[in-house]
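Trainee: can't give you the sequence, but here's the structure:
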């Protein structure tokens, strides 16, 4: 039986990854919008994003809009593949077929 990806499996990170996976490949979202969508504190979201970034699942790009710093988040190709594998494994487990 294949194990669920523990990086994604944590509830908060699963919410982050599934939200980013809903974006078309290559699209990104600004940090405050994701924070509002998930109803998470900035610190909590930052912690989980860092873990996903360290795993290579999320790309973080920092820029400026005028003088204001902006952080863009996107799912990487590796992150999208990991999420697809995660959902396939979870589906198999729920069907009782293992994986």
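Mentor: Ah, there it is. Remember, predicted model here, so these are calculated numbers, not experimental data.
Trainee: Next, the contact list for residue 94, please.
Mentor: Neighbouring residues of residue 94 by C-beta atoms under 8 Å, 6 or more residues apart in numbering: there are none. The C-beta positions use only the backbone N, C-alpha and C, and glycine is treated the same way.
Trainee: All the strands of the chain, in order from the start?
Mentor: 29-30, 58-65, 68-75 (DSSP state E).
Trainee: Determine the set of other helices and strands touching the last one.
Mentor: It stands for strand 68-75. The contact analysis (3 or more C-beta pairs under 8 Å, 6 or more residues apart in numbering; DSSP states H and E) places strand 68-75 against helix 11-21, strand 29-30, helix 31-38, strand 58-65.
Trainee: low pLDDT regions in this protein?
Mentor: When residues are selected by pLDDT under 70, those of the chain lie in 1, 98-99.
Trainee: how about stretch 2-22: buried residues?
Mentor: 4, 5, 7, 8, 13, 14, 15, 16, 17, 19, 20, 21 (16 or more other C-beta atoms under 10 Å).
Trainee: show me the contacts for the most centrally placed residue in the chain.
Mentor: Computing the C-alpha centroid of the chain and ranking residues by C-alpha atoms, centre = their mean puts residue 17 first, at 2.4 Å. Contacts were defined as C-beta under 8 Å, 6+ apart; by that measure residue 17 touches 8, 52, 57, 58, 75, 79, 82, 83, 86.
Trainee: same question, residue 9
Mentor: residue 86.
Trainee: 10 Å - rerun?
Mentor: Residues near residue 9 by C-beta atoms under 10 Å, 6 or more residues apart in numbering: 3, 17, 86, 89, 90.
Trainee: Just flag the most distant two among the residues you listed.
Mentor: Spanning the widest gap among those are 3 and 17, at 16.5 Å by C-beta to C-beta.
Trainee: show me what contacts the residue lying closest to residue 13 once chain neighbours are set aside?
Mentor: Computed as C-beta to C-beta, 6 or more residues apart in numbering, the closest residue to residue 13 that is not its neighbour in sequence is residue 48, at 4.9 Å. By C-beta under 10 Å, 6+ apart, residue 48 lies in contact with 7, 10, 11, 12, 13, 14, 15, 16, 17, 38, 40, 58.
Trainee: Good, we can wrap up now.
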